[in-house]
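[1] Predicted model, plus sequence, below.
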Amino acid sequence: MTSTTFRVESDTIERLKAISDRENVSLNVVVGRILRQAADFAEVAERLGIVGFARSELLQVMEYLTDEEAEKWGRHAGGTSGSFREFVLGYFGRDNLDGFFKTVELAEQYARNFKISRSVDRDGSISLILHHSWGRKWSLYYYGALDERLKALTESGHVKSHLVKYTDNQAIVTIMPENSSKIRTTDIMPSTSK
């Protein structure tokens, strides 16, 4: 481990300390984790050619598509050669249910296009609800991407079954993992929502 000194604005330090206190870990652990995540993400984003767009531009692009085209675009993103799988493999190195959950969590945390409600039912099924305010066509995009990715995980044996539905501002996912006997909500995706 190397020791390095950085100059950081006092308000940023206060925010980092608040995270440290909330998670009951040292400030060093929080800063190390954030720097590692940023470095990892930057490397994968560069390799995959990820670029950023303003929300208003993305909303306008989606308006040019029909409902069928929005879902088809999502299915491409979730397919075997799409960005969802490429990101899972590039960032986590494994295309399994754990990689799926972690990718959705990172999208919630960093892209901030949606917030997630999550739960584990008594039968071991996992429910995720992606709440967003982008409208029906984005719900269709998320529906297509999530359904396509989960179909692949079902075919590969990581998932017993899945169901994806949508409303105008939600995508609703129910997953029955192959081994659901030991699943807890915190094992899936610790909640980052408030």
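    Sure, I can see it. Residues are numbered from 1 along each chain as shown.
[2] Residue 29 and residue 19 touch, don't they?
    No - with contact defined as Cβ atoms under 8 Å, residue 29 does not reach residue 19; the gap is 9.8 Å. Any C-beta I mention is one placed from the backbone N, CA and C, and that applies to glycine too.
[3] Run the chain-centre distance for the longest helix along the chain.
    Secondary structure of the chain read by DSSP state H shows that its longest helix is helix 27-48. Its chain's C-alpha centre and that of helix 27-48 lie 16 Å apart, by Cα atoms, centre = their mean, to the nearest Å.
[4] any chance you could map the helices in this protein?
    Along the chain, the segments classed as helices by DSSP H run 10-23, 27-48, 55-63, 67-78, 83-92, 97-106, 136-155, 185-188.
[5] Which elements pack onto the second one?
    When you say that, I think you mean helix 27-48. Taking 3 or more Cβ pairs under 8 Å, 6 or more residues apart in numbering; DSSP states H and E as contact, the helices and strands that helix 27-48 lies on are helix 10-23, helix 83-92.
[6] Now render those helices as CSV, adding mean neighbour count, mean pLDDT and distance to residue 138.
    CSV is the format used below for those (neighbours: other Cβ atoms under 10 Å; pLDDT from 0 to 100; distance: least, Cβ to Cβ, whole Å):
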stretch, mean neighbour count, mean pLDDT, distance to residue 138
helix 10-23, 11, 92, 30
helix 83-92, 19, 86, 15
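[7] In CSV: those, plus distance to residue 179.
    Written out in CSV, the entries for the helices and strands packed on helix 27-48 read as follows (distance: least, Cβ to Cβ, whole Å):
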stretch, distance to residue 179
helix 10-23, 28
helix 83-92, 19
